[in-house]
Structure formats: structure tokens, C-alpha cells
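**Student:** Curious how this folds, go ahead:
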Amino acid sequence: MNLAIAYRGYQFLKRKKVWKIVVALSSFLILALMVLQISLLFMLGLGSISSVLSGDEEIKQEKVDSLPKDLFPHYQDAGKEYNVDWILIMAIHYVQTSFSPTSSVFYKDSFNLPDQFWEGNKESKARVNCLKTCDKCDDAESHKACVDNCMKIKPDRKNMDDVMYTVAEFLGGVNKNNDIMLDQSLLSIVGTPEKMEKTKMMWRYFTRLQGGPVTPGVPDPGQPLPPEEIISDLKLAIALAGVDEASWLPGMQVLVMKESSGNPLDYNPIAVWYSTQWGYQHAAGLCQLMPPTFTDYKLQGHDQLWDPVDNSIASIRYIISKYGHVNNIPNLFSGHYIGY
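**Tutor:** Modelled structure (predicted):
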């Protein structure tokens, strides 16, 4: 019965050519849905791209009228004690409490630390300094008595230095080259993934404002050296580094011109992430070395980052460790060179 009714309906539609209209409408609806789906995917794609590209815009929107320069010595002291970039400590302070100096009805302490984090990691600046004096004790018994006395000093959550020491000590134990461990550590301190990302963003921003936390003095922009002076400096650096002048000099000349245009006081204003210990850094000098790289590869007695010979020696030693020879640096002699 049902099949008979369906067949008659089909014959009716066929005679009236209504089926053509139905097919046309169906095709139109399918096409419209496809266009809508593609549009939505495109919009979502643009949204994710714009979120990546707008990192600096987010930074610019942060209303940081002025940095708390009166607190700089506190950040620096805690950072130095535990080998942590003090600007990271400042960034955490800003994200957590907008630089609140003390605890309040809104914050449990000046960094608004989670209770579990404070209880598990709390430290006292006074206790740390007290323990340092125990090293001067003459015998084991007096040393033990000194330590026992120092350990009676309890961390005070309302004392900003104690809070900073707690944060710095915790970060000081993080693997300096492990970004995953850094993220996990920051998450323990600030509490949420959003705050963790904002902390890293503000760390980069504050570093730029400060011109780099460990760059030893940024000089006024200099001028390129005369070609003959560059050659003379490079020859001396090559000799002191103990490599062959004939094979190294041409490549080093090319590298110097591509990196700094021959200006020994060249300073890259763009900060680049280096490590947990050093934070964001700026390439500097004739061969555009990061200050930590210069520190690691400088020759004893040649420790001036802005000196063209000292900078070149460290560069050569770094190149040897990474590439073996200056001629092995990718694309150094082509138009696709992006750095070394």
C-alpha cells in the first residue's frame, strides 16, 4: 500500500516536472552550507593567526605607567642569591598583584602566592644571610650551634623580601634550558595557564624596557670601522684564537659585515629568549654575540663585550664549538643567511 502511494507520488512529480525544482533547491542549499562552513573555518583560522601575531599588541595594551624602581634592589638581590633573572621576579610580581608592596585584604602576600606553594617552599632572607655567617665558625660544634640558631628564624609571609626569596629559590632549582620545566614552575607560582603566559609576555616586555637585564652597558650607537681596521682587528683575534688566518679571515669579514656592518658598538634592540637564568637577551658588538655567549666563550684577559678584538675572539671560539669552521655556517656566503 505504502509503495503504491509512493510510486503514484513519483509519477505525479515526474509529470509536473516538480522534481527539477526540488533538485535545484537541494543543490542550492548544499552549496550554501559548504560556503558557510568554509567561511567559518577561515574566520577561525584568521582568529588563531591574529592571536599569534598580536602578542606585541597585547603587551602594548598593558597599562604599566612606570616600573617600581624602588623595588629593583629587592628583585635584584633575590635574583642574584639564586641565579635567577630578576626581571622574571618582577614580572611575576606585576601579574600577581600589580606591584603591591605588602599583603592586603585582597592579597595574602605581596606576590599573592597560593597557600600550598608558600607552605611547601617558604624561605627567609634573614635566615639565608644568617646561615652564611656560619661558614666563619672555627669548629664543627660552633657551626652546628650557629645553624640551629639560624633555623629558628621563620619566614614571614608579610615580609616582601621573604616572599621574593621564596619565589627566587624555587625558580633557581629549575633546569635552565628546559622550557617545559619553566612553564610548570611558573604555573605553580601564579596558579593558572593564563597568568603563566602573561608572566612570560610581561617578562619579555619589561626586559625590553630595561634594555636587557645583563647587557653590560649599552653605549651610544657607534660608527662602522674603516675596512682596514676591521681586517687588523680580525687578524689579531684570529691569531689569539689560534686558528688559520688564510682560511678564517675571508669568512669572518663576511660575517662581521652581515652581523653589524662593521660597527663594534652595534646593539640589537630586539630581545631574544636565551634561557631561564639569563632571560631575554640582546645581541651586541662587532660579531653580534649574546652577552651570555660572550661570557662562555671569551678568552681569559679579553672580557670586553664592546671591544672588537675581544668580541671577535669569543665569536671564533663559539663558531668552532658549533660549526667547526666559519665556512660551515649555513648560508653565510649566500643571500639566505639568517644568523649563526
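**Student:** from here on, contacts and neighbour counts on C-alpha atoms
**Tutor:** Will do.
**Student:** Helices of the stretch 151-300 of the chain, start to end?
**Tutor:** Assigned by DSSP state H, counting those that start in this stretch, the helices in the stretch 151-300 of the chain fall at 160-172, 179-190, 193-210, 227-241, 245-260, 291-297.
**Student:** Against which helices or strands is the longest one packed?
**Tutor:** For helix 193-210, the helices and strands in contact under the criterion 3 or more C-alpha pairs under 8 Å, 6 or more residues apart in numbering; DSSP states H and E are helix 55-61, helix 86-97, helix 179-190.
**Student:** quick check: mean pLDDT across it?
**Tutor:** Averaging pLDDT along helix 193-210 yields 78.
**Student:** Okay, buried residues for that helix please.
**Tutor:** Residues 195-196, 198-208 are the ones in helix 193-210 that count as buried (16 or more other C-alpha atoms under 10 Å).
**Student:** Go ahead and confirm Ile270 touches His282.
**Tutor:** Yes: contact criterion C-alpha atoms under 8 Å: Ile270 and His282 qualify, at 6.3 Å.
**Student:** okay, those two: which has more neighbours?
**Tutor:** Shown here are Ile270 and His282; by other C-alpha atoms under 10 Å, His282 has more neighbours (25 against 14).
**Student:** before we move on, the earlier item: most packed of the helices and strands packed on helix 193-210?
**Tutor:** Highest mean neighbour count of the helices and strands packed on helix 193-210: helix 86-97, a mean of 23 (counted as mean count of other C-alpha atoms under 10 Å).
**Student:** Now it - C-alpha only, PDB.
**Tutor:** Below are the C-alpha coordinates for helix 86-97, written out as PDB (Å, rounded to 0.1, in the frame of the first residue of the first chain):
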ATOM      1  CA  TRP A  86      65.500  39.400  38.500                       C
ATOM      2  CA  ILE A  87      63.200  40.800  35.700                       C
ATOM      3  CA  LEU A  88      61.300  37.500  35.800                       C
ATOM      4  CA  ILE A  89      60.700  38.000  39.500                       C
ATOM      5  CA  MET A  90      59.400  41.500  38.700                       C
ATOM      6  CA  ALA A  91      57.100  40.100  36.000                       C
ATOM      7  CA  ILE A  92      55.600  37.600  38.500                       C
ATOM      8  CA  HIS A  93      55.100  40.400  41.000                       C
ATOM      9  CA  TYR A  94      53.200  42.500  38.400                       C
ATOM     10  CA  VAL A  95      51.000  39.700  37.100                       C
ATOM     11  CA  GLN A  96      50.100  38.600  40.600                       C
ATOM     12  CA  THR A  97      49.400  42.000  42.400                       C
END
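**Student:** helix or strand right after it?
**Tutor:** helix 115-121 (DSSP states H and E).
**Student:** What residues of that next one count as buried?
**Tutor:** 117-118.
**Student:** Who are the packing partners of it?
**Tutor:** helix 160-172.
**Student:** quick one: average confidence on the helix it packs on?
**Tutor:** Rounded mean pLDDT across helix 160-172 is 93.
**Student:** cool, stretch 119-127 as well?
**Tutor:** The model assigns stretch 119-127 a mean pLDDT of 93.
**Student:** what does it rub up against?
**Tutor:** 150-151, 153-156, 161-163, 165-166, 169-170 (C-alpha atoms under 8 Å, 6 or more residues apart in numbering).
**Student:** buried subset of those?
**Tutor:** 150, 155-156, 161-163, 165-166, 169-170.
**Student:** following the one helix or strand in the chain whose mean pLDDT sits lowest, which helix or strand comes up?
**Tutor:** For the chain, counting by mean pLDDT, DSSP states H and E, helix 55-61 ranks last in confidence among helices and strands (a mean of 43). Downstream of helix 55-61, the next assigned helix or strand under DSSP H and E is helix 72-82.
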